[in-house]
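K.L.:
Sequence first, then the predicted structure, then my questions.
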Amino acid sequence: MKIQHAQLEVRTKGKGTYEITDEIQRKIDNAGVRTGMVTIFVQHTSCSLVVMENADRTARQDLHDFFERLVPEDGDYAHTSEGPDDSTSHIRMVLTRTSETAPISDGRLQLGTWQGIFLFEHRRAEHRRKVSVTIMGE
Amino acid sequence: MKIQHAQLEVRTKGKGTYEITDEIQRKIDNAGVRTGMVTIFVQHTSCSLVVMENADRTARQDLHDFFERLVPEDGDYAHTSEGPDDSTSHIRMVLTRTSETAPISDGRLQLGTWQGIFLFEHRRAEHRRKVSVTIMGE
Amino acid sequence: MKIQHAQLEVRTKGKGTYEITDEIQRKIDNAGVRTGMVTIFVQHTSCSLVVMENADRTARQDLHDFFERLVPEDGDYAHTSEGPDDSTSHIRMVLTRTSETAPISDGRLQLGTWQGIFLFEHRRAEHRRKVSVTIMGE
């Protein structure tokens, strides 16, 4: 049984969801783990992680629109030093996920048919996001 | 130290929460792990996982009602190919959880007194849901 | 590779976020794990866990205010035996997190620069909260 960390850098171009499933699978391939688990941990407070349907783009568009309505940028916030997407980014992050743990069998990430893993960017500007990927197993 | 996967099938009869705590404990019993962790991972994007109070059913009824109001089926969505519960299912899934990791001591899942683990079904129709249970420890 | 459980008790003084990052690091120090993972699991259904920005207090104030509006205590709930903060506590818990798993490298919790781990108390009264901390690695 071994445990191994790898680091992903995700370049985002403003608000939206960016699929990282293939990059995570490559880290599993590199680690050579056949049976185990992978933990994905986003090291930021203004972007987050979601498992989402990866077939039809309109599903993700509805998700983006929903969050714009649920946590509107023109709301009344105290924490606005970095702009109207400052507090909203933190709140949207809290409502989604920072870490996710998924099974590995036969060397493959065991997602459901329609599942993809996405980084959810909540800031308007481009960012380089750090995602820690921990692979454990044998 | 060992790591072992097991698979649960949960039959749902439309929207609502279905407790799976006992099934998870049985998988731990089968694995024979005394000290360790269990990761539960739902392999779908239209149902999710919640840890919820398991004593009083009205608490869960309030939860269901809250999600009907927060993510209403009569909202304005683009992704409706599978009906009015299509996009709402994905959004409700994102707002809850896909994976959860909990401690095992003395061979028992270490939940708090009132905690139960539930599959949260967001679709109206009956479904057979796949839940991966990974047990690690010694 | 070892796996070890530790227990935190967090004393809360009503609704709000209470940082527990340092306490978790101390448990990692005690376990002597250099490379591994830590899973934090809150053993309650009326408080939860959030990773949140830990520099500017106004960010957390906006978060608290948002949840007061999203899940208002003067809403229409069936489960009110413990007061107006009864069902709201469970719903706010479901919308945030019960467990979180984070990487450990060089004996340190690998959080991002602005990330802190907080217990999110949803009840008005003072409570003693139990948080399970599982450390795994070598």
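P.N.:
That came through fine.

K.L.:
Would you tell me which helix is longest in chain A?
P.N.:
Ranked by residue count, the top helix of chain A under DSSP state H comes out as helix A:57-70.

K.L.:
Give the other helices and strands that the next helix or strand after that one contacts.
P.N.:
Next in sequence after helix A:57-70, counting helices and strands by DSSP states H and E, comes helix A:86-95. Packing partners of helix A:86-95 (3 or more CB pairs under 8 Å, 6 or more residues apart in numbering or on different chains; DSSP states H and E): strand A:47-53, helix A:57-70, strand C:47-53, helix C:57-70. In this view, the C-beta of every residue, glycine as well, is placed from N, C-alpha and C.

K.L.:
And those: which comes nearest B:Ala59?
P.N.:
Across the helices and strands packed on helix A:86-95, B:Ala59 has its closest neighbour in strand C:47-53 (14.7 Å, CB to CB).

K.L.:
and the angle from the closest one to helix C:57-70?
P.N.:
Compare the direction of strand C:47-53 with that of helix C:57-70 by axes from the mean of the first three to the mean of the last three CA atoms, to 10 degrees and you get 140 degrees.

K.L.:
What residues of strand C:47-53 count as buried?
P.N.:
Within strand C:47-53, the residues that count as buried by 16 or more other CB atoms under 10 Å in any protein chain shown are C:Cys47, C:Ser48, C:Leu49, C:Val50, C:Val51, C:Met52, C:Glu53.

K.L.:
show me the contacts for the fifth one.
P.N.:
The reference is to C:Val51. A:Thr45, A:Met93, A:Val94, A:Thr98, C:Glu100, C:Leu111, C:Gln115, C:Gly116, C:Ile117, C:Phe118 (CB atoms under 8 Å, 6 or more residues apart in numbering or on different chains).

K.L.:
The residues you listed: which two are farthest apart?
P.N.:
Using CB to CB, the contacts of C:Val51 span at most 15.1 Å, a distance reached by A:Val94 and C:Leu111.

K.L.:
Could you check which of the two is surrounded by more residues?
P.N.:
More neighbours surround A:Val94 than the other of A:Val94 and C:Leu111, with 27 against 22 (other CB atoms under 10 Å in any protein chain shown).

K.L.:
residue contacts, that one?
P.N.:
When contacts are counted by CB under 8 Å, 6+ apart, A:Val94 touches C:Val50, C:Val51, C:Met52, C:Leu63, C:Thr96.

K.L.:
any idea how far it lies from B:Glu138?
P.N.:
Distance of A:Val94 to B:Glu138, computed by CB to CB, to the nearest Å: 35 Å.

K.L.:
returning to what we had before: for A:Ile24, state which of the contacts of A:Val94 is nearest.
P.N.:
Closest to A:Ile24, out of all of the contacts of A:Val94 and judged by CB to CB, is C:Val51, at 19.4 Å.

K.L.:
Please report phi then psi for the nearest residue to that closest one once chain neighbours are set aside.
P.N.:
Spatial nearest neighbour of C:Val51, excluding adjacent residues (CB to CB, 6 or more residues apart in numbering or on different chains): A:Thr98 at 4.4 Å. Backbone torsions for A:Thr98, taken as degrees, to the nearest 10, come to phi -100, psi -40.

K.L.:
For chain B, see how far away A:Thr98 is.
P.N.:
Computed with CB to the nearest CB, to the nearest Å, the distance linking A:Thr98 and chain B is 12 Å.

K.L.:
How many residues are close by that residue?
P.N.:
Residues near A:Thr98, counting by other CB under 10 Å: 27.

K.L.:
That one is in contact with A:Val50, isn't it?
P.N.:
No - if you go by CB atoms under 8 Å, A:Thr98 and A:Val50 don't touch, sitting 10.8 Å apart.

K.L.:
Which residues are in contact with A:Glu19?
P.N.:
Residues in contact with A:Glu19 (CB under 8 Å, 6+ apart) are A:Asn54, A:Gly116, A:Ile117, A:Phe118.

K.L.:
out of these, which are inside helices?
P.N.:
Using DSSP H, none of these sit in helices.

K.L.:
Between all of these, which two are separated the most?
P.N.:
Farthest pair in those, by CB to CB: A:Asn54 and A:Ile117, 8.7 Å.

K.L.:
Phi first, then psi, for the residue nearest to A:Asp74 when sequence neighbours are not counted.
P.N.:
Once flanking residues are discounted, A:Asp74 sits nearest to A:Pro84: 6.9 Å by CB to CB, 6+ apart. With angles defined as degrees, to the nearest 10, A:Pro84 sits at phi -70, psi -10.

K.L.:
Could you report the separation of the residue nearest to A:Gly116 when sequence neighbours are not counted from chain C?
P.N.:
Distances taken as CB to CB, 6+ apart place A:Asn54 nearest to A:Gly116, at 3.1 Å, with adjacent residues excluded. When distance is defined by CB to the nearest CB, A:Asn54 is 23 Å away from chain C.

K.L.:
first to last residue in stretch A:26-43, what's the distance?
P.N.:
Terminal residues of stretch A:26-43 are spaced 20 Å apart (CA to CA, to the nearest Å).

K.L.:
quick one: it to chain centroid distance?
P.N.:
Relative to the chain's own centre, stretch A:26-43 is displaced by 15 Å; criterion: CA atoms, centre = their mean, to the nearest Å.

K.L.:
Likewise for stretch A:53-73?
P.N.:
That offset, for stretch A:53-73, works out to 14 Å (CA atoms, centre = their mean).

K.L.:
so the one helix or strand A:Ile3 maps to versus strand A:47-53, what angle?
P.N.:
If you go by DSSP H and E, A:Ile3 is part of strand A:2-13. Angle, strand A:2-13 to strand A:47-53, by the same axes, to 10 degrees: 100 degrees.

K.L.:
Can you pull the residues of chain A lying near chain B?
P.N.:
A:1, A:35-37, A:50-53, A:56, A:58-59, A:61-63, A:66, A:70, A:95-97, A:100-103, A:105, A:110-112, A:114-115, A:136-138 (CB under 8 Å from any CB of the partner chain).

K.L.:
go with 7 Å
P.N.:
A:1, A:35-37, A:50-53, A:56, A:58-59, A:61-63, A:66, A:95-96, A:100-103, A:105, A:110-112, A:114-115, A:137-138 (CB under 7 Å from any CB of the partner chain).

K.L.:
ChimeraX command to pick out the buried ones of those?
P.N.:
Buried residues within the residues of chain A next to chain B, by 16+ other CB under 10 Å, are selected in ChimeraX with:
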select /A:35,36,37,50,51,52,53,56,58,59,61,62,63,66,95,96,100,101,102,103,110,111,112,114,115,137
